[in-house]
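Q: Any chance you can model this:
(chains A and B)
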Amino acid sequence: MNVDTVQSIQDTAKVAASKTQDTSWLMHHIMDSHELDFEPFFSIPLPHLSLFGFDISITKHVVFMWLAAIILIVIFKMVSNQYKKSLVPRGISTFVETIIVFVRDEIVKPTIGKGYERFLPYLLTVFFFILTCNFLGLLPYGSTATSNISVTVTLAVISFLVIQIGGMMKNGVIGYFKGLVPHGVPGWLLPIMAIVEVLGLFTKPFALAIRLFANMTAGHIVILALLGLIFIIHTYFVAPVSIAFALFIYLLEILVALLQAYIFTMLSSLFIGMAVHQEH
Amino acid sequence: MLKLAFIAFLRSEGESGGLLNVVPGLIFWTVITFILLLLILKKIAWKPILNSLHEREKFIIDSLEKASNAQKEAEKLLEENNSNLAKAEEEAQKIIAQGREYSEKLKQQILHESKVESMKMIQQAKLEIERKNQESFVKLKEQVAELAIGAAEKILKENLDKEKQKELVDKYLKELN
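A: Below is the predicted model of the structure:
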């Protein structure tokens, strides 16, 4: 019985491994590409560029990052213009202000504490950028730039740099590295603790990158897999179930889109707070 | 084996590499996009918006503080007014009481004085009456004496005959009556 189960799992895995090309239709929707697909109507090819031998082509995810940036700039220009007219928010400002105040009072202030103002622009930008990218992926023909590991790794590295530089500016370079090891550690533990703490510095942004990437990718894969069931099983009877579940996952993804933007900002802010106020 | 299959799935060759492939081009563009977005938003959005928010919060806090101060002031004034009013009331009561007391005293005094005066006047009147009585009595005595002397004189003048004498006495007696 047990051996049979193991055998069947191994068989399935072998089949899965040998039929990797079967997933290409699914990966096509998730991965980056050199064209903007508007199936079944048309597709816009994107230019291939290279700089010093590096391929810096404008890809689908780059386009959607720019779209997110443009949307943000337009919205916030409107909001700040509105604030120039009067201190009382009106229209879109009321909505945006709620989120800004939420980020400031619920995320940044409690986690960083004193001197939080310096990091507020960065954290607000991260929050709104990730949020907009996440939501763009939920639109028809949209693509989630944050489901690309290159993007999340870059955002995490920027976070890492902000954390380290923030910590060093507050405590001094030497003071910062000294403060990494908590007080009251026995002398013989110090070498181990130093290694653990330095490793910890790098696992934090790594976790940030993987978390955002995996969460934004997983939802899309599940939706596509559920809809793919209809074509794999070749029956219409599974369609209502697939669509119902896909819709449920889609709604869940709206929540996840918000949540991941919140978590990325929250954790970045928390790590900045830990780096700046090392005594805690 | 399962793990292998999963990795194979993730590494499955799509159009531009596997799911876990980190592409330098995208990193480049992400850095550029993000840094530019950060700088632009910092200039056009975060500074003015956060400043206005801060300004508004400060304004609200100031207003609340001012309102609470004004209320405190008003309460203080009210209390002061009330205490002043109470003091004035007390003062007025005191004045009225004093006035009453004074008037009572005055009344008593006037009554007493008038009584004494009237007693004195009665006494004087009595004395006057006594004096007048005495006076009139003395006068009467003198008149009687005069009359008696006059009568005696006339009797002495006309004591020639008895008849005449008797007549005379009668006449004088008549006169006397």
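Q: Can you give me the separation between residue A:70 and residue A:129?
A: Note on residue A:70: its distance to residue A:129, by Cβ to Cβ, to the nearest Å, is 12 Å. For glycine as for every other residue, the C-beta is placed from the backbone atoms N, C-alpha and C.
Q: okay, the two: which has more neighbours?
A: Shown here are residue A:70 and residue A:129; by other Cβ atoms under 10 Å in any protein chain shown, residue A:129 has more neighbours (27 against 12).
Q: so the more buried one sits in a strand?
A: No. According to DSSP: H, G, I helix; E, B strand; the rest coil, residue A:129 belongs to no strand; its state is helix.
Q: which secondary structure elements does the longest helix along chain B contact?
A: Longest helix in chain B by number of residues (criterion: DSSP state H): helix B:47-157. Packing partners of helix B:47-157 (3 or more Cβ pairs under 8 Å, 6 or more residues apart in numbering or on different chains; DSSP states H and E): helix A:60-85, helix A:92-102, helix B:162-176.
Q: The second one vs chain B: in contact?
A: Yes. Counting by Cβ under 8 Å from any Cβ of the partner chain, contacts between helix A:92-102 and chain B involve A:97, A:100-101.
Q: Buried subset of those residues as a ChimeraX selection?
A: Buried residues within the residues of helix A:92-102 next to chain B, by 16 or more other Cβ atoms under 10 Å in any protein chain shown, are selected in ChimeraX with:
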select /A:97,100
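Q: Look at residue A:82 and say how many residues are nearby.
A: Residue A:82 has 20 nearby residues by other Cβ under 10 Å.
Q: For the closest residue to it other than its chain neighbours, give me its contacts.
A: What sits nearest to residue A:82 in space, not counting adjacent residues and going by Cβ to Cβ, 6 or more residues apart in numbering or on different chains, is residue A:93, at 4.7 Å. Residue A:93 makes contacts with A:78-79, A:82-83, as judged by Cβ atoms under 8 Å, 6 or more residues apart in numbering or on different chains.
Q: Give me the secondary structure label for residue A:90.
A: coil.
Q: where does it land on pLDDT?
A: At residue A:90, the pLDDT value in this model is 78.
Q: related to what we said a few turns ago, got TSV for the residues of helix A:92-102 next to chain B, with pLDDT and distance to residue A:169 too?
A: Compiled in TSV, those are given as follows (pLDDT from 0 to 100; distance: Cβ to Cβ, whole Å):
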residue	pLDDT	distance to residue A:169
A:97	85	29
A:100	88	24
A:101	88	26
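Q: quick one: which of the residues of helix A:92-102 next to chain B is nearest residue A:207?
A: Distances from residue A:207 to the residues of helix A:92-102 next to chain B, taken as Cβ to Cβ, are shortest for residue A:100 (26.2 Å).
Q: helix, strand or coil for residue A:140?
A: Following three-state DSSP, we place residue A:140 in the coil state.
Q: List phi and psi for it.
A: phi -60, psi 140 (degrees, to the nearest 10).
Q: can you check residue A:113 too?
A: Torsion angles, degrees, to the nearest 10, at residue A:113: phi 80, psi -130.
Q: That one contacts residue A:273, correct?
A: Yes. If you go by Cβ atoms under 8 Å, residue A:113 and residue A:273 touch, sitting 6.4 Å apart.
Q: Neighbour count for these two, which is higher?
A: A count of neighbours by other Cβ under 10 Å puts residue A:273 above the other of residue A:113 and residue A:273, at 24 against 12.
Q: The helix or strand hosting the more buried one near chain B at all?
A: Here residue A:273 sits within helix A:238-276, counting by DSSP states H and E. No. Helix A:238-276 does not reach chain B (Cβ under 8 Å from any Cβ); its nearest approach is 12.6 Å.
Q: ok, and for that helix, which residues are buried?
A: A:242, A:245-246, A:249-250, A:253, A:256-257, A:260-276.
Q: next one: stretch A:215-235
A: Within stretch A:215-235, the residues scored as buried using 16+ other Cβ under 10 Å are A:215-217, A:219-230.
Q: of the residues you listed, closest to chain B?
A: residue A:217 (7.0 Å; Cβ to the nearest Cβ).
Q: now the closest one, nearest residue through space, not along the chain?
A: Closest to residue A:217 by Cβ to Cβ, 6+ apart is residue A:147, at 4.3 Å.
Q: contacting residues for residue 84?
A: Reading this off chain A. Contact partners of residue A:84, counting by Cβ under 8 Å, 6+ apart, are residue B:48.
Q: Next SSE downstream of the host helix or strand of residue A:176?
A: Using DSSP H and E, residue A:176 sits in helix A:173-180. Proceeding N to C from helix A:173-180, the next assigned helix or strand is helix A:190-233, under DSSP H and E.
Q: Reduced to three states, what does residue A:37 come out as?
A: Secondary structure assignment for residue A:37 (three-state DSSP): strand.
Q: Could you verify my assumption that it touches residue A:45?
A: No. Between residue A:37 and residue A:45 there is no contact under Cβ under 8 Å: 10.4 Å.
Q: Give me the pLDDT for residue B:86.
A: pLDDT at residue B:86 comes out at 95.
Q: wait, residue B:4
A: We have a pLDDT of 54 for residue B:4.
Q: same question, residue B:33
A: Residue B:33 is assigned 88 on the pLDDT scale.
Q: Which of the helices or strands spans it?
A: Taking DSSP H and E as the criterion, residue B:33 maps to helix B:24-41.
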